[in-house]
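Q: okay, predicted coordinates and the sequence, questions at the end:
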Amino acid sequence: LEMDRWLLKEKLKEADMAVAKSQLIMGVEELRKLLKKEKDRYVKFSYFRGSMETYHHLEWFATETWLNDLATRLGPYGKLAAFVVEEPIVEVGVDTYCVGSKIPENPMWGYEVKDAAFLATTDPLPDRLLQNTQAFAKILGEYDYRGPVSTEVRVTKDEDYFIDATCRMPSPPSEIQCALIENLAEIIWEGANGRLVEPEFKARYGAQLVLKSDWIVEHPLGLEIGEPENVFIHGHFKIDGKDYAIVPEEFPEFGGAVGIGDTMQDAIKEAFLAVESVQAYQLRYDASAFRDAMECIEKGNKLGLDWHGKPKLKKIA
């Protein structure tokens, strides 16, 4: 369901769930023809997901270089590669877990700025998102699925479209879940044995900044971490008391700096304190990404997704 995007769409249709308008494009050259004519499209890839992340096409001038590079990396497979091209809509995600066809009554949900940041809330899930997630859980029940699941939903005024499912703990916001859920270990253990446990949240909101370094693509990365309880590292290990990170794929993302709080501003402030405590070679993160995430919250509110702690953009630097 996660790796084959077109199969997912077929399953959604079988479950009478809304499916966003999209095109299945076979081959890099056919994709090139389409993107030359269209603007503002999202391009996604099945199976060989490590070859590319979701790409936001705006103008052909910028996209041409990206597509030329992708064609080189795919080589002969580029003639057979299956791309899904979708129109842009406001995106929101539910981050929870599923046991059979059951999900918690009160899951975490929020908005992601791709590969940069995430803002999460434990406020009650809007009914329309709850119904959408429950419908997908029935599909997971066909597999007797037991484990974490994150959804990606595109919302409009009149309809919600289920886009993607992540049947694992994605980054972000799994780092927020680790910090925010008091009984996460119990949830995982009991879920593996077929028993659903409701989450016990430590706070109302969570915020995460994605940590990146180009150095880690080819080397282990040495780290100094001043706020270890709020910094989560992929492939973390210690040698002689020194922290290191190593990632198996050629991605610069190596972890997350997290904050939690009973107000969104407190969670964001704590996330900034966490990221400022990290020292690493070629470390980078997008300090403006929270502002982008809050703009997504505002758009979601206008579409009827009630985020109770409405963002106050002027208070965030």
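A: Happy to help now that I have it.

Q: strands along the stretch 201-317 of the chain, start to end?
A: Secondary structure of the stretch 201-317 of the chain (DSSP state E, counting those that start in this stretch): strands located at 205-213, 221-225, 231-233, 236-239, 242-245, 253-261, 278-280, 283-284.

Q: ignore the last one, the stretch 51-200 of the chain
A: Secondary structure of the stretch 51-200 of the chain by DSSP E, counting those that start in this stretch: the strands cover 55-57, 82-86, 90-99, 108-113, 117-121, 146-155, 160-166.

Q: circling back to that earlier point, out of the strands of the stretch 201-317 of the chain, which gets nearest to residue 156?
A: Distance to residue 156, taken as CB to CB, is lowest for strand 205-213 among these, at 25.6 Å. To be clear about C-beta, it is placed using only N, CA and C from the backbone, and glycine gets the same treatment.

Q: hang on, the earlier thing: select, out of the strands of the stretch 201-317 of the chain, the one closest to residue 169.
A: That would be strand 231-233 among those, by CB to CB, at 10.7 Å.

Q: now do that closest one, average pLDDT.
A: The average pLDDT for strand 231-233 rounds to 97.

Q: also stretch 236-255?
A: Mean pLDDT, stretch 236-255: 90.

Q: pull out the buried positions in it.
A: 236, 243, 244, 245, 247, 252, 253, 254, 255 (16 or more other CB atoms under 10 Å).

Q: hmm, back to that, okay, the strands of the stretch 51-200 of the chain, which one's buried deepest?
A: Highest mean neighbour count of the strands of the stretch 51-200 of the chain: strand 117-121, a mean of 27 (counted as mean count of other CB atoms under 10 Å).

Q: other residues contacting that one?
A: For strand 117-121, the external contacting residues (CB atoms under 8 Å, 6 or more residues apart in numbering) are 95, 108-112, 172-173, 176, 180, 204-210, 264, 267-268, 286, 289-290, 292-294, 297, 307-309.

Q: before we move on, the earlier item: distance to residue 16 and mean pLDDT added to the strands of the stretch 51-200 of the chain, as JSON lines?
A: What follows is the strands of the stretch 51-200 of the chain, written out as JSON lines (distance: least, CB to CB, whole Å; pLDDT from 0 to 100):
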{"stretch": "strand 55-57", "distance to residue 16": "29", "mean pLDDT": "89"}
{"stretch": "strand 82-86", "distance to residue 16": "20", "mean pLDDT": "88"}
{"stretch": "strand 90-99", "distance to residue 16": "19", "mean pLDDT": "91"}
{"stretch": "strand 108-113", "distance to residue 16": "22", "mean pLDDT": "95"}
{"stretch": "strand 117-121", "distance to residue 16": "28", "mean pLDDT": "97"}
{"stretch": "strand 146-155", "distance to residue 16": "16", "mean pLDDT": "92"}
{"stretch": "strand 160-166", "distance to residue 16": "11", "mean pLDDT": "87"}
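
Q: now these in a markdown table, please, with extra columns for distance to residue 22.
A: Shown next, in a markdown table, are these (distance: least, CB to CB, whole Å):
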| stretch | distance to residue 22 |
| --- | --- |
| strand 55-57 | 14 |
| strand 82-86 | 4 |
| strand 90-99 | 14 |
| strand 108-113 | 20 |
| strand 117-121 | 24 |
| strand 146-155 | 10 |
| strand 160-166 | 9 |
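
Q: quick one: closest of the strands of the stretch 201-317 of the chain to residue 27.
A: For the strands of the stretch 201-317 of the chain, the distance to residue 27 is smallest for strand 253-261, at 28.7 Å, taking CB to CB.

Q: picking up where we left off before, residue 219 is nearest to which of the strands of the stretch 51-200 of the chain?
A: Closest of the strands of the stretch 51-200 of the chain to residue 219 is strand 117-121, at 25.3 Å (criterion: CB to CB).

Q: who does the closest one pair up with?
A: Its sheet considered, strand 117-121 pairs with strand 108-113 (antiparallel), strand 205-213 (antiparallel) by DSSP bridges.

Q: same list (those strands) but as TSV, adding distance to residue 55.
A: Shown next, in TSV, are the strands paired with strand 117-121 (distance: least, CB to CB, whole Å):
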stretch	distance to residue 55
strand 108-113	15
strand 205-213	17
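
Q: of all these, which lies closest to residue 147?
A: Nearest to residue 147 among the strands paired with strand 117-121 is strand 108-113 (15.4 Å), distances taken as CB to CB.
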